[in-house]
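Asker: sharing a sequence plus its predicted fold:
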Amino acid sequence: MMRGGQLLAEDAPGHLMQTYNMDTLEAVFLRLSEYSDSCLDSDQDTRLSIQMNSETPCTGSLEASGAAAEHTEDRSGNTADVVVPARDQRRAKKKPCIRGFSCANIMAMVWKNLVTRKRKILFLLFEFMLPSLEIILFCLAIGRAPTGLNVDVVDEDKGFLGSIYLSKVFCDCVSTQGHIVLNKGVNSTSKALENVQAGRSWGYLHFTEAFSADFVTRSQEPYSASNATITNASVHIRLDMSNQQIDLVIQEDIAAAYQCFIERLLAEYGPFLHPNNESINPFAVSSPIEIGTPIYGELHPRFTDFVAPGIIIAVAFGMSIGLTALSVIIERKQGLLDRTRAAGVSYLEILTALALTQLCVLMVQIVLMLIIAVEGFEVKTKGSVALLFVLVILQGMVGMSYGLLLSAVCEDEMSAIVVAMGSIFPTLLLSGILWPLEGMPVWLRYISYCLPNTYAALALRDIMGKGRYCVDHKWSKQRDIFRLNQLISRWGSGWQIMTCVASTSEASVWKSDIDVDFSGRRDGL
């Protein structure tokens, strides 16, 4: 028997009527409710502890046998002693560790949430694997250099001395780069242009009839070569530049192929190119710009290594928002929150239990995600993996706090999804995850620095790429860590406070008939 969130009695129906000497359960409940109202003023937060005595109905010492009696009347007017079982008295003695905050209630709620998820084992596995699946798709689809790029070759070169075809040497150097596939069966530039317009190729290379001969002439007489000689000795390239990434890969391959072409040409045909038929050192014509060993990072960086830290932060943040909000909204629509409130659990206990449950799920998600990213796809990580784990956990807790806030202000799943998506995408675009912050207008950077993911993404990128944390060279390492922790704690604490306010306000969607004051107005079993 419960009333207003307080447990009045718990036993078999027949034993209850026999114990309290009443004819019906309604009479037992009515009698206990009356004494509950009389004892409510003295102690509202403890469960009902009644020593039914005609002189002192709410006070008195318990007998050694563990039961208390009261001289009362039943419906027929007969007097009888009503005994409160010792089990109910022991339960009544248990008080919350903090007013409105019971550790036992929280642990019971956490266990209830875990059991609820366990019953939906497929959804639980999906919840565990969804962030990992997103990381797998990211590593497979984003950041890899495009390959199989078709480029036509219009080769009209007639060679030099009848046997030396420098155009073929150049094409061999292009093919060794590994990204471009050369189609040498095109006879004219008009046909090559038609292939590009039809989408069959990304561009074409054109070698004139005098390419080899004029290239040798240009090399032997660099100061007196005519404009026509220089033009004929050049490789004419036209590309489809509508796709920037593919265009950059083709240009990089052709530039690297030209350096390879010069070195191979001097090694094989050096005497033909020197005015005095002498050999030429291939390094003499190499680029005068030398890029040394990188201070941080790799000499040939991957775009994946740049984006991966931000994607990990975004996935942990976004998944925590969506899964937390939807879990709470579904429980509310199923009536679980109403039943929980009827059992006397406060909003603070409900929020704490939800946060702890989601934290357990979040830890499993992040462990799987980091293992797949670092070990499975070899994303470069030079810093501490433990520090990465802690940072991603903190960011996931920020998202979880925001998800709880959405569950307190959104009435259904659709509203929560719309608000969540409307919040995640601007954060994703403005946090420096997909593109450096230096590419933004200055005024927009100040907005970006205030978002919850910006410093977390920068910190994770520095830990993984540099092995240490240093967001801004103007600040010391300790100052940066303090600023990051301060920003994360402010966002998380702010959303948690707003969640508590929103969930306990009169306009909250968490409110129901369970929260009505039953005293003197509503009774029910």
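Answerer: Received it, and whenever you're ready, just let me know what you need.

Asker: show me where this protein dips below the pLDDT cut-off.
Answerer: Counting by pLDDT under 70, the ranges of the chain that qualify are 38-101, 270-285, 468-525.

Asker: same thing but 50
Answerer: 41, 43-84, 87-98, 470-480, 482, 506-507, 513-525 (pLDDT under 50).

Asker: mind checking which helix or strand Ala27 is in?
Answerer: Using DSSP states H and E, Ala27 sits in helix 25-40.

Asker: what helices or strands is that helix leaning on?
Answerer: Secondary-structure packing of helix 25-40 (3 or more Cβ pairs under 8 Å, 6 or more residues apart in numbering; DSSP states H and E): strand 2-3, helix 13-20. C-beta: built from backbone N, CA, C; applies to glycine.

Asker: show me where the stretch 151-300 of the chain has helices.
Answerer: Shown for the stretch 151-300 of the chain, the helices assigned by DSSP state H, counting those that start in this stretch span residues 166-175, 189-197, 211-220, 227-232, 244-273.

Asker: as a markdown table, these with distance to Leu354 and mean neighbour count would be great.
Answerer: As requested, the helices of the stretch 151-300 of the chain are arranged in a markdown table below (distance: least, Cβ to Cβ, whole Å; neighbours: other Cβ atoms under 10 Å):
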| stretch | distance to Leu354 | mean neighbour count |
| --- | --- | --- |
| helix 166-175 | 59 | 20 |
| helix 189-197 | 57 | 15 |
| helix 211-220 | 72 | 21 |
| helix 227-232 | 73 | 14 |
| helix 244-273 | 43 | 16 |
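
Asker: can you redo those helices as TSV with distance to Arg339?
Answerer: Output for the helices of the stretch 151-300 of the chain, formatted as TSV (distance: least, Cβ to Cβ, whole Å):
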stretch	distance to Arg339
helix 166-175	70
helix 189-197	67
helix 211-220	84
helix 227-232	85
helix 244-273	55
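
Asker: closest to Pro452 out of the ones you listed?
Answerer: Ranking the helices of the stretch 151-300 of the chain by distance to Pro452, with Cβ to Cβ as the measure, places helix 244-273 first at 29.6 Å.

Asker: between that closest one and helix 166-175, how many degrees?
Answerer: Calculated by axes from the mean of the first three to the mean of the last three Cα atoms, to 10 degrees, helix 244-273 forms an angle of 140 degrees with helix 166-175.

Asker: by how many degrees do helix 244-273 and helix 211-220 diverge?
Answerer: Using the same axes, to 10 degrees: helix 244-273 against helix 211-220 is 70 degrees.

Asker: what packs against helix 244-273?
Answerer: strand 149-155, helix 166-175, strand 180-186, helix 211-220, strand 236-239.

Asker: mind listing what's buried along the longest helix belonging to the chain?
Answerer: For the chain, the helix with the greatest residue count under DSSP state H is helix 303-334. Using 16 or more other Cβ atoms under 10 Å as the test for burial, helix 303-334 gives 304-329, 331-332.

Asker: so how far is it from its chain's centroid?
Answerer: Offset of helix 303-334 from its chain centre (Cα atoms, centre = their mean, to the nearest Å): 4 Å.

Asker: show me how far the helix or strand following it is from its chain's centre.
Answerer: Sequence order places helix 336-342 as the next helix or strand after helix 303-334, per DSSP H and E. Offset of helix 336-342 from its chain centre (Cα atoms, centre = their mean): 30 Å.

Asker: can I have helix 336-342 written out in CSV, keeping just the CAs?
Answerer: Listed next in CSV are the C-alpha coordinates belonging to helix 336-342 (Å, rounded to 0.1, in the frame of the first residue of the first chain):
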residue,chain,number,x,y,z
LEU,A,336,8.3,4.3,-16.1
LEU,A,337,9.0,7.8,-14.8
ASP,A,338,5.5,8.1,-13.3
ARG,A,339,5.9,4.7,-11.6
THR,A,340,9.3,5.8,-10.3
ARG,A,341,7.9,9.0,-8.9
ALA,A,342,5.1,7.0,-7.3
